[in-house]
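Chemist: Okay, predicted coordinates and the sequence, questions at the end:
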Amino acid sequence: MSSARLLHPLPPRISGDGHRGVNYPRGIVIRTTVVTALFSALTAGSLCIASGVHAQGGGGSATSPCLPPQGCIPTISTANIARIGDFYVGGQWQKQAGQEIMAGSMFVEAWVPKKIQHPYPVVFVQGGGGQTLMASIQTPDGRPGWAYDFVNAGYTVYLVDPPGGGRSAYYPGLYEPLAAPRAAEQMGREWSGGLAPSAAIQKVWPQWSKNTAWPSDAPKKGRAGDPVFDYYAKTEMQHINGYQEKTFSDALVQLLDLIGKPVIMMVNSGYAPSGWVAADARPKLIKAVLAVEPWAPPIENMELGQTGPGRPWGLSSLPLHYSPPVTNPAELHPVHRTTATGPGLFPCWVQKEPAHKLINLAGVPVLDISGEASYHRPFAYCEAVWLNQAGVKTDYVNLEDVGLRGNGHQMMSEKNSAGIARFMLEWLEKHVQ
C-alpha cells in the first residue's frame, strides 16, 4: 500500500447538509461515508488535499461559491434519490474506412426518486452545443441544478448527452467537424453579462444591459478572473457544427420508446429542434413540453444580428406532421409580419392563413419561457406565436413578469435557477393532470 502525501492535515471543504455529518475542527462538516471514501483514496495512492475552510451548506451561494479552485469540493445530497441508471440508446453499425463503427449512440442518465410523486418522467433535452448534462446537474457556483429540483419534487428524470457530445461518441469524418469550446469573450458578452456587446449588436439586442442574475459578486463578475466564470468555462465543451439534428432526434425517439410511458420533455436552445421532432414522432408519449428558450425563431435566423434561413418547418429543419399534409416546407406559405408586439422585439414569421396545424402536438400543453436579458429575447416569443397559430396551446412567459429578473440565456446556471425551476414545477401542477 503506497503512502498518501498530505499537503495539510485537514480535508478540503466539502459542501453538503451538515446536520447529518460529523463536526471537524475549523468548521469542517463532512459525512462519514465521505470520510471513508477519502480514506480509501488516500491509502490507494498519492493524493494532494488542499487545506480546509468553513463549509458552506447547500453547495455554495452567490456570495460564497463552492469551487475546487477555492479549496471546496461541491457535493449535493442524494437523500431523495433511490436509484441512478446510466445507459446508451440509439446507434447503429456503419462502415467507415473499411471498418464497422457504432455511430449515433446517446448517453442517458436516469434518476429515480425514493418517492415518485408524479407519474410522468422529465426528459431533459438541454443545451445547444458546448454544454453537457452537467449544466442540468450543478450550477457553476456549486448549487444543485434543475435535475435535482425536479427529482426532489418527486419526478423521475432522464438526462442526455447528444450523439457526438459529452459521453456520447464522436467520429471524425462521419460527423460534421467539431467547433472549439467558446472563448471567454463570447461567453462574457452573450451569457454572463460580464462584457458589453458591440454597438451593432446592442442595436438588435437592447435588453443586454439587464443581465443581473450571474451567480457571482466577484470584482470581475461574469468575465475571466471571476472564479465562478472561470469554473463555468471549464465545463464548456467542443461540439459538432450543425448539432446532428436527425441523429439526435432518432436517439430521443428510441429513448421515448424505451421509457414506454408519457413524459414531460424539456427542450432548450440549439438542441430543441431534435426534441420537437422526437415529440412529433411519438405524440402519445408526450404529456407536456417545457420550452426553455428553444432555438428560434421559425423560418429566418435573427440571432445576434444574423440573417439567412432558420427552421423551415417552423420548429425544426426536419419534416413535421402538419394538417393539411405538407411535403415541402414552402407549402406552409410563411409570411413576415411588418410589426412586432413590443419595443426591442423583432416581427415574427407566421403561416399564411388558413394555417396548417401541427396535428401530432395538438393537445400537448407547452410552457415557453424567456429570460429578461437574454440575446434570445428579441425573437423568443416568435416560437410561441408559431405554435399557437399551428394549434398547439402554448403559454409564453417573460420571466420578469413572474418576479424572476435579470436572466440571460444560461438561466439554469444563474443565481435564481431554483426559482425558475419552481415556476416550471408550479406550471406543471396546474396544466398536467
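Modeler: Arrived safely, thanks for sending.

Chemist: where are the low-confidence patches of the stretch 201-350 of the chain?
Modeler: Scanning the stretch 201-350 of the chain for pLDDT under 70 picks out the ranges 243.

Chemist: switch to 80 and redo it
Modeler: For the stretch 201-350 of the chain, the stretches flagged by pLDDT under 80 are 242-243.

Chemist: the helices in the stretch 151-300 of the chain, which residues?
Modeler: Assignment of helices within the stretch 151-300 of the chain using DSSP state H, counting those that start in this stretch yields the ranges 184-187, 199-204, 227-235, 245-259, 272-281.

Chemist: neighbours around residue 277, how many?
Modeler: For residue 277, the neighbour count with other Cβ atoms under 10 Å is 24. Any C-beta I mention is one placed from the backbone N, CA and C, and that applies to glycine too.

Chemist: Just give the number of residues close to the residue nearest to it when sequence neighbours are not counted.
Modeler: The shortest distance from residue 277 to any residue that is not its chain neighbour, by Cβ to Cβ, 6 or more residues apart in numbering, is 3.9 Å, and that residue is residue 249. Per other Cβ under 10 Å, the neighbour tally for residue 249 reads 25.

Chemist: what's the answer for residue 433, then?
Modeler: The burial count assigned to residue 433 is 6, neighbours taken as other Cβ under 10 Å.

Chemist: How about residue 171?
Modeler: For residue 171, the tally of surrounding residues (other Cβ under 10 Å) stands at 14.

Chemist: try residue 391
Modeler: Around residue 391 there are 16 other residues, counting by other Cβ under 10 Å.

Chemist: Just to check, it is in contact with residue 358?
Modeler: Yes - look at residue 391 against residue 358 with Cβ atoms under 8 Å: they come within range, at 6.1 Å.

Chemist: how far away is residue 152 from residue 132?
Modeler: Counting by Cβ to Cβ, to the nearest Å, the gap from residue 152 to residue 132 is 21 Å.

Chemist: Ok, residue 158 next?
Modeler: Separation of residue 158 from residue 132 (Cβ to Cβ): 14 Å.

Chemist: Of these two, give the one with the bigger neighbour count.
Modeler: When residue 158 and residue 132 are compared on other Cβ under 10 Å, the one with more neighbours turns out to be residue 158, at 27 against 22.

Chemist: Which residue comes closest to the more buried one once chain neighbours are left out?
Modeler: Computed as Cβ to Cβ, 6+ apart, the closest residue to residue 158 that is not its neighbour in sequence is residue 123, at 4.7 Å.

Chemist: same question, residue 96
Modeler: Taking Cβ to Cβ, 6+ apart, and ignoring the residues beside it in sequence, residue 96 has residue 174 as its nearest neighbour in space, at 5.7 Å.

Chemist: ok, now residue 278?
Modeler: Closest residue in space to residue 278, ignoring its immediate chain neighbours: residue 252 at 3.7 Å, by Cβ to Cβ, 6+ apart.

Chemist: show me the contacts for the one you found.
Modeler: Listed by Cβ atoms under 8 Å, 6 or more residues apart in numbering, the contact set of residue 252 reads 106, 123, 125, 160, 274, 275, 277, 278.

Chemist: same question, residue 337
Modeler: In this structure, residue 337 makes contact with 347, 348, 349, 350, judged by Cβ under 8 Å, 6+ apart.

Chemist: Most neighbours of all these, which one?
Modeler: Of all those, the highest neighbour tally under other Cβ under 10 Å goes to residue 348, namely 26 neighbours.

Chemist: Quickly find the element holding the closest residue to it other than its chain neighbours.
Modeler: Once its chain neighbours are removed from consideration, residue 348 has its nearest residue in residue 382; the separation is 3.7 Å (Cβ to Cβ, 6+ apart). Using DSSP states H and E, the element containing residue 382 is helix 377-389.

Chemist: so what's the closest residue to residue 414 other than its chain neighbours up against?
Modeler: Counting by Cβ to Cβ, 6+ apart, the nearest residue to residue 414 once its immediate chain neighbours are dropped is residue 213, at 3.9 Å. Applying Cβ under 8 Å, 6+ apart, one finds that residue 213 lies in contact with 371, 373, 405, 406, 407, 408, 411, 414, 415, 416.

Chemist: Relative to residue 315, how far out is the nearest residue to the fifth one once chain neighbours are set aside?
Modeler: Ranked by Cβ to Cβ, 6+ apart and with sequence neighbours excluded, the top spatial neighbour of residue 407 is residue 371, at 3.2 Å. Using Cβ to Cβ, one gets 20 Å for the distance from residue 371 to residue 315.

Chemist: likewise residue 222?
Modeler: Per Cβ to Cβ, residue 222 is found 31 Å from residue 315.

Chemist: ok so, going back, I'd say the residue nearest to residue 277 and residue 272 touch.
Modeler: No - at 10.7 Å, residue 249 does not count as touching residue 272 under the criterion of Cβ under 8 Å.

Chemist: Determine which member of residue 222 and residue 315 has the greater number of neighbouring residues.
Modeler: The residue with more neighbours, out of residue 222 and residue 315, is residue 315; 27 against 24, by other Cβ under 10 Å.

Chemist: Not counting its neighbours along the chain, what's nearest the more buried one?
Modeler: residue 276 (4.2 Å).

Chemist: Verify the contact between that neighbour and residue 321 for me.
Modeler: No - between residue 276 and residue 321 there is no contact under Cβ under 8 Å: 11.1 Å.

Chemist: which of these two has more neighbours?
Modeler: The residue with more neighbours, out of residue 276 and residue 321, is residue 276; 29 against 15, by other Cβ under 10 Å.

Chemist: what are the phi and psi values for residue 412?
Modeler: The main-chain torsion angles of residue 412 are listed as degrees, to the nearest 10 and equal phi -70, psi -10.

Chemist: Give me the distance between it and residue 283.
Modeler: Using Cβ to Cβ, one gets 26 Å for the distance from residue 412 to residue 283.

Chemist: Could you do residue 185 as well?
Modeler: Taking Cβ to Cβ as the criterion, residue 185 is separated from residue 283 by 42 Å.

Chemist: ok now stretch 385-399, how far from the chain's centre?
Modeler: Stretch 385-399 sits 20 Å away from the centroid of its parent chain (Cα atoms, centre = their mean, to the nearest Å).

Chemist: Pull out the buried residues from it.
Modeler: Buried residues in stretch 385-399, defined by neighbour count with 16 or more other Cβ atoms under 10 Å: 385-392, 394, 396-399.

Chemist: Residue 412 and residue 283: which is more packed in?
Modeler: Applying other Cβ under 10 Å to residue 412 and residue 283 shows that residue 412 carries more neighbours, namely 25 against 16.
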